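Let's see this in three dimensions:
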Amino acid sequence: MRIALFEPDIPQNAGNIFRLGACLGIPIDVIEPSGFIIDDKRLKRASMDYYDYLDLTKHLSWEKFYEWSKENSYRLVLLTTKSQKSYYDYKFQSKDIILFGRESAGVPDNVHETVDERLTIPMVKGPRSINLSSSVSIVAGEMIKLMSPFCHLDNPS
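Next up, the predicted model:
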């Protein structure tokens with residue numbers, strides 16, 4: 001299982017997600033262009049020294065990422081506010097890439113039309129959306145249920 005960020009805008013969110021991926025052993029894919037340079041000081045501050053534990057792959061474009069994902073038999077699962085299907089009813093599989101859109105605009109229609117599944121995090125009526133790094137954390141909690149044999153409690157704190 002992997003987490004992919006489509007053209008992320010905010011380095012602090014990406015840094016938090018990188019740290020989460022490093023701690024949970026979830027590889028992270030960044031689909032360029034992003035709104036910052038990957039070695040941005042705010043990004044490194046948010047991910048701290050966890051960057052060294054991160055399995056990070058950068059993809060030059062959506063097209064390159066999509067081609068790579070299909071060559072490697074991944075299913076693309078988009079988290080979006082434009083779905084009625086809840087993430088907690090979904091049966092995650094080891095070859096899923098959970099895709100999250102840009103903080104400012106989500107993903108374009110062609111990405112919506114291309115993914116294998118579209119899921120949402122149920123929310124109360126009114127608020128627009130949950131912060132990107134918080135959304136990734138919520139869904140990662142479900143993802144690691146599948147990965148639990150790979151996670152260890154060597155350092156419970």
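
From here on, just use CA atoms for contacts and neighbour counts.
Fine.

what bits of the protein have low per-residue confidence?
38-48, 147-157 (pLDDT under 70).

element containing residue 5?
For residue 5, the enclosing helix or strand under DSSP states H and E is strand 2-6.

Need the residues that contact that strand.
26-32, 34, 62, 95-102, 106-107 (C-alpha atoms under 8 Å, 6 or more residues apart in numbering).

Which of these fall within helices?
The helices, defined by DSSP state H, take in residue 62 from the contacts of strand 2-6.

Please list only the buried members of the contacts of strand 2-6.
26-32, 34, 62, 96-102, 106-107 (16 or more other C-alpha atoms under 10 Å).

Narrow the residues you listed to those in strands?
28-31, 96-100 (DSSP state E).

from those residues, which is closest to residue 145?
Nearest to residue 145 among those is residue 96, at 13.5 Å by C-alpha to C-alpha.

So in terms of bridging, what pairs with residue 86?
Beta-bridge partners for residue 86, by DSSP bridges, are residue 120.

My guess is it contacts residue 139. True?
No: applying C-alpha atoms under 8 Å as the test, residue 86 and residue 139 come out as separate, 10.5 Å apart.
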